[in-house]
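**Q** Requesting a structural model of the entry that follows:
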Amino acid sequence: MSTILRIDLNEKLYLRDPQDTDLGRRLIGESVKLIDEIGFEQFTFKKLALRIESTEASLYRYFENKHRLLVYLVSWYWAWLGYQIRFHTHNVPDPRERMRLILGILTRAHHDDPATTELDEAALYRIVINEASKSYLTREVDADNQVGLFREYKRLVADITLVIQALNPAYAHPHALASTLLEAARKQLFFAHHLPSLTDAPDKSEAEKQIYSFLENLVFAALR
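**A** Model prediction:
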């Protein structure tokens with residue numbers, strides 16, 4: 001049976017948890033595909049309803065608007081990365097090795113996970129690259145932050161920060177370095193595929209390896 005990995009997100013993101021029903025799970029899986037295909041500006045609940053053979057009204061029972069759906073999808077992505085990091089580093093005592101594992105996860109985040117057959121993480125990654133800034137570049141960003149809509153990103157930064165502090169407790173900028181690693185991993189891979197003069201990956205096939213090397217040099221030089 002195909003499943004989406006269940007990740008509990010802030011209940012303020014939705015009116016009804018889409019993970020609780022078949023329609024909700026199809027809403028999430030197909031919205032990722034549709035936004036990836038046509039972009040967030042062109043995406044509407046009407047188009048999604050036609051795609052999944054439902055009604056707009058039924059979709060609005062889960063999300064009050066498409067912006068809240070976007071924040072949900074981006075939050076799911078950050079939570080999924082956090083899950084991957086915790087799973088792969090749980091029994092690794094050496095913080096240097098934990099950091100290398102984290103960097104590997106960040107640079108592989110554009111791959112789909114076959115274990116979650118209803119959700120295409122590669123497509124979700126492309127949405128995060130192209131659309132994630134729209135989740136917080138709004139006039140309501142402070143109010144959204146106050147009710148915890150960016151909780152998953154903050155948790156991910158906090159998890160990486162703990163490893164940085166274990167590597168060098170005296171380092172003065174652990175949160176800034178953690179968020180920089182997250183942003184650099186996404187942006188450099190995007191550049192390698194679309195704006196190659198802005199990165200040093202020789203070609204797309206080598207991008208993952210080169211970006212990993214860059215991030216490794218960045219973090220360990222900063223913490224030396």
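**Q** hmm, which helix or strand of the chain has the shakiest average pLDDT?
**A** Within the chain, no helix or strand scores below helix 121-131, which has a mean of 88 by mean pLDDT, DSSP states H and E.
**Q** got the contact list for it?
**A** 32-33, 35-36, 39-40, 70, 73-74, 76-77, 80, 109-113, 186-187, 189-190 (Cβ atoms under 8 Å, 6 or more residues apart in numbering). (C-beta placed from N, C-alpha, C; glycine too.)
**Q** and the most centrally placed residue in the chain, what does it touch?
**A** Centroid-nearest residue in the chain: residue 77, 3.1 Å away (criterion: Cα atoms, centre = their mean). With contact taken as Cβ under 8 Å, 6+ apart, residue 77 is in contact with 121, 124-125, 127-128, 132.
**Q** Neighbour-wise, give me the winner out of the residues you listed.
**A** For the contacts of residue 77, the largest neighbour count, defined by other Cβ atoms under 10 Å, is 27 neighbours, found at residue 124.
**Q** Could you tell me how far that residue is located from residue 16?
**A** 21 Å (Cβ to Cβ, to the nearest Å).
**Q** cool, residue 22 as well?
**A** 13 Å.
**Q** Only the buried residues of the lengthiest helix in the chain, if you could.
**A** In the chain, with assignment by DSSP state H, the single longest helix is helix 66-89. Going by neighbour count (16 or more other Cβ atoms under 10 Å), the buried part of helix 66-89 is 66, 68-82, 84-85, 89.
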